[in-house]
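Colleague: Sharing a model that was predicted from the sequence below.
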Amino acid sequence: MAPRILLARHGQTEWSVSGRHTGRTDIPLLDEGRRGAKLLGERLHHAPWDGLPDVEVRTSPLVRAKETCELAGFGPRAQEWDALLEIDYGAYEGLTPAQIKADRPDWLIWRDGVPAGETLAEVCARADAVVDWARSADRDVLVFAHGHILRVLGARWLGLDVSFAARLRLAPTSCRCSAGLRRAGRGELERHRPPRLSRHPVWGAASAAPVEPVLAPGSGRLAPRGSPAARYRPRNAATGRSCGTGGACGRRRPASPGSGPSGPASAGRASGGRRGGLSAARWPRGCRPAPR
C-alpha cells in the first residue's frame, strides 16, 4: 500500500477566530476548538478510518496542536516534532491580513514572505523533511499541526512549489487526506488556470464541520452556507447527490423559448396553460429541485 498522509489542523483559538497570524505564540484552544477536536476524533474513529490502528502520529509541540491531538484520541501514540511548528511570522506575528495590507496592499505571504521571520525556503525545507519521513515506509501517517505549515506540506507532497499552498484550505479541526490532495493537484494541473481562492473547493476525508460549496443559481458564485441560495440545491433523484449548478452532473435547467415578458410564455401563464415559460422546461432526467 502506498503511504498516505493525513493533515489535521488544530482547533479554534482566540487569535484564529480574529484572523491574527499565530506563529510561535503558544495560545490554548477555545471551548469551541476543544469541541471540534473531539468531533474530529469521532470521525477518525469510525468507518472508513476505524481509529487508524497502524497509523504513525506526529504533532507540533505547541499546545493548541497537542491538545487537539489528545482530544481526538491520538495523544498516547503521538510524538512531538519541531518540523511541524507553524511558520515564524516575525514582525507580522499577531497581526491580521488587513493590518498588514494597510502598509503593503499587494502583500502575499506565499510570494513575499515575512520580515524578520522564517523564509519560504526554510519553511519548504521543513515540509520536505516531513514528506520524506511520511514516504519512508508503507504505512499511513497522521500529523497535527497548523494551517500554513500544513498547506505547505500539501503542496510539497504533490511535488509543487510552495506558492501552490495559496490554493489549499484547511479549516480548524479539519483533516485532509493525501488522496484528496492528489485529486486536487491533478485537477489544477489539467486546468492550467488557478481558480479564485474564494471558489476553490475544500477537499478531505474527515472534518468536524465539513464544507459543502454551493453555487447560487445563475450567479457562478458560491452561496454562503445556510443562505436561501444555498438551500436551492437541485439533486439527482436516483443518487440524492447535489447537482451543483442546477441539474444532474452540473447541467442547468434548460431555458424555454419565448419566455420573455411579452412572449408566448407569459400568454400561457396568463391563460393558466402549461405552454412556454418555466412550466414547459424540464429538468434533466432524474433531477428535481431540492425542497426549501
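Modeller: Received it, and whenever you're ready, just let me know what you need. Residues are numbered from 1 along each chain as shown.
Colleague: The residue nearest to residue 97 when sequence neighbours are not counted: how many residues sit nearby?
Modeller: Closest residue to residue 97 apart from its sequence neighbours, by C-beta to C-beta, 6 or more residues apart in numbering: residue 19 at 6.6 Å. In short, each C-beta sits where N, CA and C put it, glycine included. By other C-beta atoms under 10 Å, the residues close to residue 19 number 12.
Colleague: Tell me if I'm right that residue 19 and residue 100 touch.
Modeller: No. Look at residue 19 against residue 100 with C-beta atoms under 8 Å: they stay out of range, at 10.7 Å.
Colleague: Quick check: end-to-end length of stretch 79-87?
Modeller: End-to-end distance of stretch 79-87 (C-alpha to C-alpha, to the nearest Å): 19 Å.
Colleague: what does it contact?
Modeller: 22-24, 57-62, 65-66, 109, 114, 117-118, 123, 126-127, 129-130, 143-149, 152 (C-beta atoms under 8 Å, 6 or more residues apart in numbering).
Colleague: Then stretch 33-40?
Modeller: Contacts for stretch 33-40 (C-beta under 8 Å, 6+ apart): 8, 10-13, 16, 29, 64, 67-68, 71-72, 172-175, 206-209.
Colleague: I'd like the average pLDDT over it.
Modeller: Averaged across stretch 33-40, pLDDT comes to 96.
Colleague: what do you get for stretch 52-70?
Modeller: The model assigns stretch 52-70 a mean pLDDT of 96.
Colleague: Could you list the buried residues of that stretch?
Modeller: 52, 55-60, 62, 64-70 (16 or more other C-beta atoms under 10 Å).
Colleague: Need the buried ones from the contacts of stretch 33-40 selected in ChimeraX.
Modeller: The command below creates a ChimeraX selection of those among these that count as buried (16+ other C-beta under 10 Å):
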select :8,10,11,12,13,16,29,64,67,68,71,72,172,173,174,175,206,207,208
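Colleague: among the contacts of stretch 33-40, which are in helices?
Modeller: 16, 64, 67-68, 71 (DSSP state H).
Colleague: want to throw those residues into JSON lines with distance to residue 35?
Modeller: Listed next are the ones in helices among the contacts of stretch 33-40 as JSON lines, based on distance: C-beta to C-beta, whole Å:
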{"residue": "16", "distance to residue 35": "14"}
{"residue": "64", "distance to residue 35": "14"}
{"residue": "67", "distance to residue 35": "12"}
{"residue": "68", "distance to residue 35": "11"}
{"residue": "71", "distance to residue 35": "9"}
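Colleague: Sort out which one of those residues lies nearest residue 88 for me.
Modeller: residue 64 (15.6 Å; C-beta to C-beta).
Colleague: Phi first, then psi, for the nearest residue to the closest one once chain neighbours are set aside.
Modeller: Closest residue to residue 64 apart from its sequence neighbours, by C-beta to C-beta, 6+ apart: residue 10 at 4.4 Å. In terms of degrees, to the nearest 10, the main-chain angles of residue 10 are phi -70, psi 170.
Colleague: Cool, thanks, signing off.
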